[in-house]
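A.B. asks: When you get a sec, could you give me coordinates for this:
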Amino acid sequence: MDPIQEKPSKEVDIYRDTWVRFLGYANEVGEAFRALVPVSAVWATYAVATVYVSADAVDKGKKAAVEHGDNPGKTTKVAVAVVDTFVWQALASVAIPGFTINRVCAASLYLLGRTTRLPLSVRKWTTTAIGLSTIPFIIHPIDSGVDFLLDSSLRKFYRHSAGKKHD
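C.D. replies: You can find the predicted model right below:
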């Protein structure tokens, strides 16, 4: 009988593989509830999402620092890890989805007001439901779009700079 071989476990990234990932969606939830809550509550959700984005960027910088030890170019590699993560997360987790949910909710509230005789409170709750239900459908297209955008712009600069000695 062969002993059961343990597969090496993949390192868990708490910012991508655990419930902490959902903190990045806080502003999208806030935007969905914008019609029902004070604006300060919506801004608070942006603060939560921004802390998530910043923490993930710092985490990736620390991991890059450990990975590159005392090798030449370490500072550049750490800076690239932090900047790339921060820009990607800021666009894919905060700015673009927040704007998208905001516009979906604004349009649905407007259209419900123009096409139905529902009471305002029902229109607001319906708008919130529409905003929340939109979130799962926008995540992957936005992520792919941000990957394409960064691959076509900022990441070209990183690859170009990688050949040069910085530190």
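
A.B. asks: how close does the residue nearest the centre of the chain sit to Pro38?
C.D. replies: Ranked by distance to the mean C-alpha position of the chain (CA atoms, centre = their mean), the top residue is Ser93 at 1.9 Å. Relative to Pro38, Ser93 is positioned 23 Å away (CB to CB, to the nearest Å). For every residue, glycine as well, the C-beta is placed using N, CA and C.

A.B. asks: for stretch 105-121, which positions count as buried?
C.D. replies: Cys105, Ser108, Leu109, Leu112 (16 or more other CB atoms under 10 Å).

A.B. asks: which ones are touching Val87?
C.D. replies: Contact analysis of Val87 by CB atoms under 8 Å, 6 or more residues apart in numbering lists Leu150, Leu154.

A.B. asks: pLDDT wise, what is it at?
C.D. replies: If you check Val87, the pLDDT there is 97.

A.B. asks: Ok, Ile4 next?
C.D. replies: 55.

A.B. asks: what does Val58 give?
C.D. replies: pLDDT, read off for Val58, is 96.

A.B. asks: for it, phi and psi?
C.D. replies: The phi/psi pair for Val58 (degrees, to the nearest 10) reads phi -60, psi -40.

A.B. asks: tally of neighbours for it?
C.D. replies: 15 (other CB atoms under 10 Å).
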